[in-house]
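1. Generate coordinates for the sequence data below:
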Amino acid sequence: MSGSLLDAGAVIGCPHGGRVTAATTQSGGVRAQGAAVATAAHTYVVTGCPHTVDRVPSPCVAVRWTAHAGGVTVDGVPVLLDTSAAQCLTAAFVPQGPPVVQAAQRKVTVR
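-> Numbers count the residues shown, from 1 in each chain. Have a look, this model is predicted:
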């Protein structure tokens, strides 16, 4: 599977305009331009999602990523790419669509 690495500084949004950020960012010594490389072990949260259903707020609050098994790993956990499958979820775990990823090609360094 090809794609650009995601890191803690990647610009990601929910399909409704909310901001997606990494709640956890530890990935050993692997960094991309100074930011920790994102893995399937990281937790991502959504803030500021304005989505409503029948005028009832139904915001995205989290993102669940499905990393490609058999690819590049960090500490045995698959890294996330801008092409990795994902779903934004409500607090009740209702899928609301894939996140929008604006990723740049990153250089990887291992320390």
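2. Not counting stretch 58-73 itself, show me its contacts.
-> Residues from elsewhere that reach stretch 58-73 (C-beta atoms under 8 Å, 6 or more residues apart in numbering): 1, 12, 14-16, 18, 20, 39-40, 42-46, 49-52, 77-81, 84-91, 94, 96, 99. Yep, even glycine has a C-beta here, placed from its N, CA and C like the rest.
3. Are any of those buried, and if so which?
-> The neighbour-count criterion (16 or more other C-beta atoms under 10 Å) marks 12, 14, 16, 18, 20, 39-40, 42, 44, 46, 49, 51, 78-81, 84, 86-90, 96, 99 among the contacts of stretch 58-73 as buried.
4. So which residues of the protein form strands?
-> 11-13, 19-22, 30-32, 35-36, 44-47, 52-53, 56-57, 62-66, 73-74, 77-78, 85-89, 100-102, 108-110 (DSSP state E).
5. Lowest average pLDDT across those?
-> Least confident of these, judged by mean pLDDT, is strand 108-110 with a mean of 50.
6. Spatially central, which residue of this protein would that be?
-> Nearest residue to the geometric centre of the chain (C-alpha atoms, centre = their mean): residue 44, 5.8 Å.
7. For it, give its distance to residue 31.
-> 18 Å (C-beta to C-beta, to the nearest Å).
8. swap in residue 57?
-> 37 Å.
9. more neighbours, the two?
-> Legend: neighbour count by other C-beta atoms under 10 Å for residue 57 and residue 31, higher for residue 31 (18 against 10).
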